[in-house]
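J.: predicted model and sequence below, questions to follow.
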Amino acid sequence: MAKDGKHALVTGGGSGIGFATAQALVESGWTVTLAGRTKAKLLAALAGTNASHISVTDVTDPDDVQSTVRWAAEQNGPIRLLVNNAGGVTSASFEKTSLKAWRESLDLNLMGAVHGIQAVLPSMKAQGFGRIVNIASTAGLVGYRYVSAYVAAKHAVVGLTKALALELAKTGITVNAVCPGFTDTGIIKSAVATIAKSSNRSTDEALVAFTASNPQGRLVKPKEVAAAVLWLASDEASAVNGIALPVAGGEVS
C-alpha cells in the first residue's frame, strides 16, 4: 500500500517526461504505478525510477484503462494523483493528414486523458481529494505548422482541463495542465536525426529548428516538466486549479 495514501498513476511512464515525472514523485515519497504500451520500456523504467508496479496499458481503450486503475488500486490503494502523459505526434501538412491519422491523434492525445480521468474520478470524489495533471504542450496554447491534428488535440486537452477544473472545484480535486515546449526526449532526438539526414545537415544544425522557438535557446529538460507536475500535485498547490502552465523558456505566456 502507498505510504500516506500517496499513490500516483503515470501514463506514458516508460520514457521521457513520464519517466522523469515518476522519478521525481518517488523521490518525494509517492508510490507510483507506471502505465504504457511497451513492456520492455516499462520494465526499464521500473528499475530506473523505483516505481512500485507497471501495467501494460493502451490508453485509447477505455476498458483497458478501467482495468489498470482497478488493478493499481488493489496493489497500492486508491489513486490520488493521475498524470495523463501518454501522447504522440506525427508530422504532415494538413492536406496530407488522413482521417485515420486525425482519429489516432485524438484517440491518443485527447481521449487517452478522458479515459484516465473517467476511471479515477469516482474514487477521487469518494476520497474528497485528487490531483489530475494533464501533460499538454505549447501546441495546446499556440499553433505549429505540419502538426494540425496534434495541435487540435492538445488544444482540446487544455479546454478539457479548464472545464473539468470548474466542475470539480468544490470536491477537493484539482485539474491542471502542464504545457512543455520542445523537450529533450526520444521523440525530439528522432526528429532531429530525420531532419539531419533528409537535409544533409549536422545534428547540431538540425537541432536549431527546435531550439529556435525557445528564448533560452535550448530544449526543455524532462526533469523541469516533472518539477511542475510535482508542484501541482502538492498540498501547497491546492488553490491552483484550471491552469495551463507553460514550461518553455518564455516561448508562450
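T.: Right, received. Where do you want to start?
J.: low-confidence ranges, the stretch 51-200 of the chain, go.
T.: Counting by pLDDT under 70, the stretch 51-200 of the chain contains no low-confidence range.
J.: ok, which stretches of this protein are strands?
T.: Along the chain, counting by DSSP state E, strands occupy 7-11, 31-36, 53-56, 81-84, 130-135, 173-180, 244-247.
J.: redo those strands as a markdown table? Include mean neighbour count and distance to Leu110.
T.: For glycine as for every other residue, the C-beta is placed from the backbone atoms N, C-alpha and C. Formatted as a markdown table, these follow (neighbours: other CB atoms under 10 Å; distance: least, CB to CB, whole Å):
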| stretch | mean neighbour count | distance to Leu110 |
| --- | --- | --- |
| strand 7-11 | 28 | 13 |
| strand 31-36 | 27 | 17 |
| strand 53-56 | 19 | 21 |
| strand 81-84 | 28 | 10 |
| strand 130-135 | 26 | 10 |
| strand 173-180 | 26 | 12 |
| strand 244-247 | 21 | 14 |
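J.: save those strands as a markdown table, and put in distance to Ile187 too.
T.: Formatted as a markdown table, the strands of the chain follow (distance: least, CB to CB, whole Å):
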| stretch | distance to Ile187 |
| --- | --- |
| strand 7-11 | 16 |
| strand 31-36 | 14 |
| strand 53-56 | 20 |
| strand 81-84 | 17 |
| strand 130-135 | 13 |
| strand 173-180 | 11 |
| strand 244-247 | 16 |
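J.: Ser91 contacts Val147, correct?
T.: Yes - the pair Ser91 / Val147 is scored as a contact, 5.6 Å apart, by CB atoms under 8 Å.
J.: compare these two (neighbour count), which wins?
T.: Neighbours per residue (other CB atoms under 10 Å) separate Ser91 from Val147, with Val147 holding more: 21 against 15.
J.: list the contacts for the closest residue to Arg37 other than its chain neighbours?
T.: The spatial neighbour of Arg37 that comes closest, neighbours along the chain excluded (CB to CB, 6 or more residues apart in numbering), is Asp58 at 5.9 Å. Contact partners of Asp58, counting by CB atoms under 8 Å, 6 or more residues apart in numbering, are Arg37, Asp64, Val65.
J.: just Asp184 next, same as before
T.: Leu219, Val220, Lys221, Pro222.
J.: circling back to that earlier point, which among the contacts of Asp58 gets closest to Gly128?
T.: Comparing these against Gly128 with CB to CB places Val65 closest, at 22.8 Å.
J.: and for the spatially closest residue to that closest one that is not a sequence neighbour, the neighbour number?
T.: With CB to CB, 6+ apart as the criterion, Val65 has its nearest non-adjacent residue at 4.2 Å, and that residue is His115. For His115, the neighbour count with other CB under 10 Å is 26.
J.: from what I see, His115 and Ser67 are in contact.
T.: No - counting by CB under 8 Å, His115 sits too far from Ser67 to count as a contact (11.1 Å).
J.: what's the angle between the top helix by length along the chain and strand 130-135?
T.: Longest helix in the chain by number of residues (criterion: DSSP state H): helix 148-167. With axes from the mean of the first three to the mean of the last three CA atoms, to 10 degrees defining the directions, helix 148-167 sits at 160 degrees from strand 130-135.
J.: tell me the pLDDT of Ser28.
T.: The model reports Ser28 with a pLDDT of 97.
J.: look up phi and psi at it.
T.: Backbone torsions of Ser28, given as degrees, to the nearest 10, read phi -100, psi 10.
J.: how near is it to Pro122?
T.: 26 Å (CB to CB, to the nearest Å).
J.: what do you get for Ala136?
T.: 24 Å.
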